[in-house]
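Visitor: A structural model of the following input is requested.
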Amino acid sequence: MLPNPIRIKGFTRGNRHEMIDHAVNTISRCTGWVTNHSMYANKVIVINFEIEARGVRELILSLNQNGLILFEESRSIIDQFPEEVLLENGEEELKGSLNITFVNEEPDQRHHVPPIPG
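Guide: Alright, predicted model coming up:
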């Protein structure tokens, strides 16, 4: 049985714009597509995606590069995708999320919130 959803977590000290590009391009290259994202100031982004089961192993191996460090629990997801399961269910679409924490010295970004009429 394939895990659904897939939850991948990691952190980086790298440039957040480059890391977001790296993550989105890696998801696309590994038979996946981004469905949504949420940015929490300049410290955390959560990218929701869907991906074919056959691309999950490559996704995790490719994400764990370029300064993005995945936690052990995220790297261990690879073990849940043995080759025989992928042969039977390789095209099955799975939902997932990628949570990236940015370790930086930048001050929090502030967003103007308009007043609510009434």
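Visitor: Which of the helices and strands in this protein ranks last by mean pLDDT?
Guide: When each helix and strand of the chain is scored by mean pLDDT, DSSP states H and E, helix 83-89 comes last, with a mean of 73.
Visitor: Show me which positions of that one end up buried.
Guide: Neighbour-count burial for helix 83-89 flags 86, 89 (criterion: 16 or more other Cβ atoms under 10 Å). For glycine as for every other residue, the C-beta is placed from the backbone atoms N, C-alpha and C.
Visitor: continuing past it, what's the next helix or strand?
Guide: strand 93-102 (DSSP states H and E).
Visitor: Can you name every helix or strand that that next one contacts?
Guide: strand 6-12, helix 16-29, strand 44-52, helix 56-63 (3 or more Cβ pairs under 8 Å, 6 or more residues apart in numbering; DSSP states H and E).
Visitor: Now do it and strand 6-12, the angle between them.
Guide: Relative orientation of strand 93-102 versus strand 6-12 (axes from the mean of the first three to the mean of the last three Cα atoms, to 10 degrees): 20 degrees.
Visitor: what's in contact with strand 93-102?
Guide: With contacts defined as Cβ atoms under 8 Å, 6 or more residues apart in numbering, strand 93-102 is touched by 2-13, 16, 19-20, 23, 27, 32, 35, 42-53, 56, 63, 68.
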